[in-house]
Structure formats: C-alpha cells, structure tokens
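Asker: A structural model of the following input is requested.
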Amino acid sequence: MSPEVVEHIIDFLHTDPRALSSCALVCRVWLPRSHYHRFASVVLPVPFRGLHSALSTAFEHIVARNPDIAAYVQSLTLAGAGFLGDTVRWTHAEALKTSRLWAVRSLALSRFEFGALADLVPTLAALPLLEELALDSVRVKPAAAVAGEAPHVSVSVSGDPPRARALRLISFRQTGQPMGEGVLEDDAAAFVRALCAAGVLRPGALEGLVLLSGARACADWVPLLPKLAPSLRRCAVSLHERLSAATHELAESARGHILRVYDALVRCAELRSVCVQYNATSTLMQAVFDFDGRTRTMPAVSPFFVEALARALDGPGRALSALEDLTIVLVGSRWSLASKACADAFAQLARVLSERARYPCLGRVEVRVDEPEYVVGLFRRELGVEVQRDEDSEGAFRELLGGFDWPGVVTSVAVRTV
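Answerer: Got it, this is the predicted structure:
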C-alpha cells in the first residue's frame, strides 16, 4: 500500500490508543502518523506532594528516551490530584515538565495553587506555539502564607525559540462547584502585563476570554475588557446573585456589578459570541435556611440580570451589532423562572434582539438552565416542596421563552442536571 493509504487508515484509528500503539510497532513508516495521533492530546495527573503518579512518571521516561515525541504533543492537561480533592501547589518540577513539550498549542491546568498567576508566565513563554490557556478551579495563595513553603521558583528554558504565536484564548472556569463563587484571587492587570512583557500576549491577538470562575475573577477582569475590545470575538462572564440580608432582595452591590459587566461588554464592538452565566443558587439556599414548613413553592429568581442585559443591548449606538451567538445560562432551577417578572424580562430581551436592523448577524440564541442536583433534590425530596413534573415544567419554560422564536434565528431551550 502507498504511504498515503496507510496514513488514511491510521487516521481512522485516532480514538483508539491500543490500536495506535500497535501500529507504531509495525514499521518505521507507520511510526510518525501513529505518534501524531497517540500523543496529540496528553492528560497527566499531578499528585499531592509526597505521592506518586505512575502515569506521569512513565510519560516523562518516554519523552526522555524519545525527545522527538515532544513535537507531537499539541494539547496538554495537567490535573492536580490533591488530598481529598484539594488543590496541588504549582512547583518548579511541574513548570519544567511543561516547558519541555515545546510544541504544545493548548495548555490546561486544573486544581493547582499558585503564589501569583504571574509566576506561570515564564512557563508559558517557554511554549512558543501556545495559543490557548485554560485554568480550571485554580487558587492563588502567596508562598509566604503557606507554612513551611519555600518561595516559588519560576522556570525558563535556555535557548527557547522565538515565539511564533500568541495567546488567542484565555479561560477561567470553576468546574464542579456550581454554588461556589470561585477561589481565584489575583491581580488580573499584573497577569496581563506579565503576559505582554513576555510576548505571550500581543495586542490584537486575544480573541476569546472565558470568565466562568466566580464573581471575583470576573470583577477583576472586567476593567480590562475595553482594552482588549478591538480583538475580542468571544466572551463569557459569570454573574452571582447576592441577596440583601435584610430584605432578601438582590443586593445593590450585585446590581452594580451586573451593570458594570454589561457596560464593559457592549464596549467590545467586535464580539461575535457572548455567554452570560447567572448563578442563582443563593436564592434557593436562602429559601432552605428560611424554610418554616409552610412554603410549598420554589422561590423566584430576580429577573434583573435579564432586564439589565436588555437595556444594555437597547442602548444608544450600535452596541454589539456584530453579535452572532447569545447564550444565557441560569445556574439554579427552571422553576425559579416561572414568574411574571421573569417572563416580562425575557419578552423585553426578545423584542430588542428581534430588531434585525440593529442585530443583522444574530443567528442563534440559547437559554439553558443548569440545575445542581443536590440543591433541587433538597427541595423535591427533603423539604417536600411541590414542583411540576419535569415534562410539564420544561414545557412551561419553553412557553416562557416563546418570544425568541423569529425567522432566521435558531433558538435553543435546554435544561440539564449538573
């Protein structure tokens, strides 16, 4: 068979690691294509200090014996495996391990703890092809605050090739903690300055920014959005519902934060895709704390986040006129939207978005509810709150958003358990 046919056959096996390993042992001609798929995406656990990861050690030995394999690794994920799910301190060893894989284009770090995010920059600078950085469930804690911890040592590999590319996507997420506000605490401006100084981030290069790691991270990055606006094409933000202790209504501080976020978004004139995630689990949990045995309905969420979005998009000028895709995610319960106030807010948003002269490129609108199973289950099973059957409530939810159905726009309504 010709080499082209062999490569095409190996391409069909790209999701079968065992088959790719077998192909790599057939002959030298089959080796490059097999390695291309076998090592394109690598996920390595990083255990708590003092523990051992056989998988990580084995991969390090493979790369040490076969340095050419580093050229095949395009996506690298390092997942901290701390004690009882806690984060793992980012150390010199992890930094050096990452920087050896110079061909990485996408780097994801999960459940790590840093002295400062800027400490990560030298490692990123050692990856000349890096375009995407994802930080999931990370914590920032200065080394001085960690008992017995030596100061963080950044790593830079001598003789690094000049940077061929710059970051196009930066993502912050807080996976697995839908109720949490996120544990990311850092100076975003200092991180961006360090990225720019190292050439990892260049003016006009950043196209996507995902801020779904809690209210703190979002608030820290919002002032930077106007400066990043010329190149941003995709942005996702996380808003958190804070209730007033006295009135149990949406706190003024929360309203102010929501308005600041929307004001920053509408200044990014080139945005094509916007995602707004609203965490309303505090409303549900407040109802649990106040439960007196008489309540038999699910508490309603404040519609302010939808009303404010409608007003921002209906403001003067052509705010987000290039918008193609809008996603609204409520972390809470579909039953919390079953109120006239929420229906009116969504109807107002639908009227604004349906103006084709203002939003000629809009082609897709998605409204999704992510229901934390333990929160909703608390109402349904333990507190005895009466809720509609799933099929009935989802039908009512779709009816609530009926105003989003207009020609030329694909609308999606979904409910999922997280």
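
Asker: what's the burial count for A205?
Answerer: Burial of A205 is recorded as 14 neighbouring residues (other CB atoms under 10 Å). Glycine gets a C-beta too; all of them are placed from N, C-alpha and C.

Asker: Helix or strand with the lowest mean pLDDT in the chain?
Answerer: When the helices and strands of the chain are scored by mean pLDDT, DSSP states H and E, helix 390-400 comes last with a mean of 59.

Asker: how about low-confidence regions in the stretch 151-300 of the chain?
Answerer: Counting by pLDDT under 70, the stretch 151-300 of the chain shows low-confidence ranges at 151-164, 175-186, 215, 245-248, 286-298.

Asker: Need the residues that contact the strand or helix carrying V63.
Answerer: Following DSSP states H and E, the helix or strand that holds V63 is helix 54-65. With CB atoms under 8 Å, 6 or more residues apart in numbering as the test, helix 54-65 has contacts from 42, 44-47, 69-70, 97, 100-101.

Asker: how about stretch 220-234: buried residues?
Answerer: Using 16 or more other CB atoms under 10 Å as the test for burial, stretch 220-234 gives 220-222, 225, 228-229, 231-234.

Asker: quick one: which of those residues is nearest to Y36?
Answerer: Nearest to Y36 among these is R234, at 28.3 Å by CB to CB.

Asker: Mind listing the residues bridging to the closest one?
Answerer: Beta-bridge pairing for R234 (DSSP bridges): G208, S273.

Asker: these two touch, right, it and C268?
Answerer: No. Counting by CB atoms under 8 Å, R234 does not reach C268; the two are 10.0 Å apart.

Asker: what's the overlap in contacts for those two?
Answerer: By CB under 8 Å, 6+ apart, no residue touches both R234 and C268.

Asker: So which bits of the helix holding V63 are buried?
Answerer: So helix 54-65, judged by 16+ other CB under 10 Å, has buried residues 56, 59, 63.

Asker: Enumerate every residue touching the residue most central in space within the chain.
Answerer: The centroid of the chain falls nearest to R173 when counting by CA atoms, centre = their mean (3.8 Å). R173 makes contacts with 134-137, 210, 212-213, as judged by CB under 8 Å, 6+ apart.

Asker: contacting residues around stretch 274-283?
Answerer: 178-179, 181, 210, 212, 234-243, 265, 299-302, 305, 309, 320, 323, 325-333, 336, 372, 375.

Asker: Which of the residues you listed fall within strands?
Answerer: Those of the contacts of stretch 274-283 mapping onto strands are 210, 212, 234-240, 325-331, per DSSP state E.

Asker: Quick check: the two most widely separated of the residues you listed?
Answerer: Within the ones in strands among the contacts of stretch 274-283, H240 and D325 form the most distant pair, 23.1 Å apart (CB to CB).

Asker: Between these two, tell me which one has more neighbours.
Answerer: Counting neighbours by other CB under 10 Å for H240 and for D325 shows that H240 has the greater number, 24 against 17.

Asker: how close does A198 get to L167?
Answerer: 10 Å (CB to CB, to the nearest Å).

Asker: Overlap of the contact sets of the two?
Answerer: In contact with both A198 and L167: L124, using CB under 8 Å, 6+ apart.

Asker: who's more crowded, the two?
Answerer: Neighbour count, other CB under 10 Å: between A198 and L167, L167 has more, with 19 against 16.

Asker: Skip the chain neighbours and tell me the closest residue to the more buried one.
Answerer: The shortest distance from L167 to any non-neighbouring residue, by CB to CB, 6 or more residues apart in numbering, is to L201 (5.0 Å).
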